[in-house]
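*Asks:* got a sequence here, can you model it:
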Amino acid sequence: MASYVAAIDQGTTSTRCMIFDHSGQVVAVDQMEHRQIFPRAGWVEHEPAEIWSNTRQVCAGALAKADLVASEIAACGITNQRETTVVWEKDTGKPVYNAIVWQDTRTDEIVNRLAAEGGQNLFHQQTGLTLSPYFSATKLRWILDNVDGVRERAEKGELLFGNMDTWVLWNSTGGPDGGLHVTDPTNASRTLLMDLRSLQWDPDICREIGIPMAMLPEIRSSSEVYGRFRERGVFGGIPIAGILGDQQAATFGQACLSPGEAKNTYGTGNFLLLNTGTEPVLSNNGLLTTVGYKIGTNETVYCLEGSIAVTGSLVQWLRDNLGLIATAPEIEQVARSVDDNGGAYFVPAFSGLFAPHWRSDARGAIVGLTRYVNRGHLARAVLEATAFQTREIVEAMNADSGVPLKSLKVDGGMVGNELLMQFQADILGVPVIRPVVAETTALGAAYAAGLAVGFWEGEADIRTNWAKDKQWDPAMPADLRERQYQQWQKAVTKTFGWVE
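*Replies:* The predicted structure is shown next:
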């Protein structure tokens, strides 16, 4: 009897497989990191073949850890780093170039050329997105323009494009031997090529950016049986029945199923999503409008999103590039060695600034340095940068929605850092709530897959499964909160215009 649901969580720094029971509790998890490739400043790449190899290994590992066989898994969902772009040969499955990662900024010139024709909001009405190197379309255009023979082969129908969900699904269902070339609306809405309302590729935008539509995957709902894992392999025959981009998956896993409910995921970057219901709400304050989820034939649910490029990856940078900490969790201990940031503010604009600024000309800066500042102050400034950036997003959301946020559900790898969570509550002035299952990205994908096969009956099951683990209430005096936030805003302006 199938008593469990699995999820493949293909993230920016690692791939893992998680297995859940009917109550939404984690039964097993297996995880592998993959290489981060930096060919030049601002360029970030992954090797797709390495990620596919890791995917197979973590699926086997999770099954082994749970002591289960494939027949006990009712379905599997896929969730993924969004915007990361892969192009591969239809006949062989060989990528024509490394995956260009969402953080990559090499397409600035393409973006600027498009913006010169119609401004940053050239496709905003259709897609809900601003022009930015962040999204898939310009990364795809770069591959078409810069890898020999690729454009010609794409126009002949020999090449396929996908984000990481499509790459994993295509390989899982047979690859060159009948693999499914499919994506869902949450991922398609991050390409800059999909019309938000029709949930179809926009031929006018594809033509303007220069994308052959023959290479684009079919867009299907976020929760339906797309196909089954190829028989060879440990997951052989299991239905693949859900796809959600990682941040939408976390929103679903956090049971943010009604308009006005919001979550913030603390991972490589931070992503705050607010459920706005079944009509897309276009932002006037630098946020993105995105598909939240589409469950089978139900109405599409939309979200406003604030995307922050660098949060958890800033802790990694402190560890790997500067050697100020030996492990990521150590940063909390180092930051607790001081009472405040010592006047230092760290703006991590490594890839420019995402929402609400959208400044690709910005670069990182540490400001307010004096001889007084020590290792502890820098560690604290690194953590505080995440909370300050989150407040910028919340203020933009409050302005767009007209409904002030009353509390914030949080998830992701950084929510185990209690110093950060308390400071987040302090700087927002609202409670911060962590669920029992903090890694809700994989859980959301599992829910989408389980709903498609009847493992869960509906949204009521998801709400029933959600449970609070801990809540942090604001304790900082209001005048200190505003003074620190004003200093942060001043620090942000110092990063503008660094790249000519």
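
*Asks:* got a pLDDT number for the residue of the chain positioned farthest from its centre?
*Replies:* The centre of the chain is farthest from one residue, R371, which by Cα atoms, centre = their mean lies 37.8 Å away. On the pLDDT scale, R371 is placed at 96.

*Asks:* and it, how close does it get to G342?
*Replies:* Taking Cβ to Cβ, to the nearest Å as the measure, R371 falls 10 Å from G342. In short, each C-beta sits where N, CA and C put it, glycine included.

*Asks:* a strand runs through the residue farthest from the centre of the chain, doesn't it?
*Replies:* No: looking at R371 with DSSP: H, G, I helix; E, B strand; the rest coil, it is coil, so not inside a strand.

*Asks:* now it: phi and psi?
*Replies:* phi -60, psi -20 (degrees, to the nearest 10).

*Asks:* how far away is it from A381?
*Replies:* 16 Å.

*Asks:* again, but for T127
*Replies:* The value you get for T127 to A381, if Cβ to Cβ is used, is 35 Å.

*Asks:* can you map out the helices along the stretch 401-500 of the chain?
*Replies:* 418-428, 440-452, 459-465, 478-493 (DSSP state H, counting those that start in this stretch).

*Asks:* got the buried residues for the longest one?
*Replies:* Taking 16 or more other Cβ atoms under 10 Å as the basis for neighbour counts, the residues of helix 478-493 that come out buried are R481, Q484, Y485, Q487, W488, A491, V492.

*Asks:* wait, what's in contact with the closest residue to the second one other than its chain neighbours?
*Replies:* So the one you mean is Q484. The spatially closest residue to Q484, leaving aside those adjacent along the chain, is I427, at 6.9 Å (Cβ to Cβ, 6 or more residues apart in numbering). Neighbouring residues of I427 by Cβ atoms under 8 Å, 6 or more residues apart in numbering: E384, A387, F388, T390, R391, M476, R481, Q484, Y485.

*Asks:* with F161 instead?
*Replies:* T85, V86, V87, L140, A154, I211, M215, L216, P217.

*Asks:* surely the fifth one meets M215?
*Replies:* Yes: using Cβ atoms under 8 Å, A154 is in contact with M215, at 4.9 Å.

*Asks:* determine the residues that are contacts of both of these two.
*Replies:* Common contacts of A154 and M215 (Cβ under 8 Å, 6+ apart): V87, F161.

*Asks:* Q424: neighbouring residues, count only.
*Replies:* 27 (other Cβ atoms under 10 Å).

*Asks:* how many neighbours does F235 have?
*Replies:* 24.

*Asks:* name the SS class of it, please.
*Replies:* Strictly by three-state DSSP, F235 counts as coil.

*Asks:* can you tell me the closest non-neighbouring residue to it?
*Replies:* In space, F235 is closest to F229, 4.2 Å off (Cβ to Cβ, 6+ apart).

*Asks:* same check, this time on I37
*Replies:* E45 (4.1 Å).

*Asks:* is it true that that neighbour touches P39?
*Replies:* Yes: here E45 reaches P39: they are 6.5 Å apart, a contact under Cβ under 8 Å.

*Asks:* neighbour count for those two, which is higher?
*Replies:* E45 (18 against 11).

*Asks:* contacting residues around G93?
*Replies:* So G93 contacts W170, N171, G175, P176, G179 (Cβ under 8 Å, 6+ apart).

*Asks:* quick one: the host helix or strand of the first one to chain centroid distance?
*Replies:* W170 is part of helix 164-172, with elements assigned from DSSP states H and E. Its chain's average C-alpha position is 17 Å from that of helix 164-172, according to Cα atoms, centre = their mean, to the nearest Å.

*Asks:* which strands and helices sit next to that helix?
*Replies:* Applying 3 or more Cβ pairs under 8 Å, 6 or more residues apart in numbering; DSSP states H and E, one finds that helix 164-172 contacts strand 4-10, helix 48-66, strand 73-80, strand 86-89, strand 159-162, strand 182-183, strand 239-245.

*Asks:* ok, and what's touching it?
*Replies:* Outside helix 164-172, the residues touching it (Cβ under 8 Å, 6+ apart) are 8, 10, 48, 51-52, 55, 78-81, 84, 86, 88, 93, 99, 160, 162, 179-184, 187, 217, 226-227, 229-230, 235, 240, 243, 245.

*Asks:* what comes into contact with the helix or strand harbouring T15?
*Replies:* Using DSSP H and E, the element containing T15 is strand 14-20. Applying Cβ under 8 Å, 6+ apart, the contact partners of strand 14-20 are 4-9, 26-34, 51, 54-55, 58-59, 61-63, 66, 68, 73, 439, 442-443, 446.

*Asks:* still on that earlier bit, and the furthest pair within the buried residues of helix 478-493?
*Replies:* R481 and V492 (16.8 Å; Cβ to Cβ).

*Asks:* where does the protein have low pLDDT?
*Replies:* 1 (pLDDT under 70).

*Asks:* what do you get if the cut-off is 80, keeping everything else the same?
*Replies:* Along the chain, the parts satisfying pLDDT under 80 run over 1, 118, 402-403, 438-439, 500.

*Asks:* picking that back up, for T105, which of the helices of the stretch 401-500 of the chain is the nearest?
*Replies:* That would be, of the helices of the stretch 401-500 of the chain and by Cβ to Cβ, helix 478-493, which comes in at 17.9 Å.

*Asks:* against which helices or strands is the closest one packed?
*Replies:* Against helix 478-493 (3+ Cβ pairs under 8 Å, 6+ apart) you get strand 345-347, helix 375-401, helix 418-428.

*Asks:* where does V310 land in three-state SS?
*Replies:* Going by three-state DSSP: V310 is coil.

*Asks:* so what's the residue count around it?
*Replies:* Around V310 there are 26 residues (other Cβ under 10 Å).

*Asks:* how about JSON lines for the contacts of G93, with distance to V315 and neighbour count added?
*Replies:* Below are these laid out as JSON lines (distance: Cβ to Cβ, whole Å; neighbours: other Cβ atoms under 10 Å):
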{"residue": "W170", "distance to V315": "33", "neighbour count": "24"}
{"residue": "N171", "distance to V315": "31", "neighbour count": "23"}
{"residue": "G175", "distance to V315": "36", "neighbour count": "15"}
{"residue": "P176", "distance to V315": "40", "neighbour count": "14"}
{"residue": "G179", "distance to V315": "37", "neighbour count": "20"}
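
*Asks:* just name the closest of these to T278, please.
*Replies:* Nearest to T278 among the contacts of G93, with distances taken as Cβ to Cβ, is W170, at 30.3 Å.

*Asks:* tell me how far the closest one lies from A349.
*Replies:* 35 Å.

*Asks:* do the same with Q316
*Replies:* 16 Å.

*Asks:* more neighbours: the two, which one.
*Replies:* More neighbours surround A349 than the other of Q316 and A349, with 23 against 15 (other Cβ under 10 Å).

*Asks:* residues contacting the more buried one?
*Replies:* Counting by Cβ under 8 Å, 6+ apart, the residues that A349 touches are A309, V310, R359, A362, R363, G364, A365, T495, W498.

*Asks:* any idea how many residues pack against the residue nearest to the second one when sequence neighbours are not counted?
*Replies:* Computed as Cβ to Cβ, 6+ apart, the closest residue to V310 that is not its neighbour in sequence is P348, at 4.0 Å. Using other Cβ under 10 Å, P348 has 25 other residues around it.
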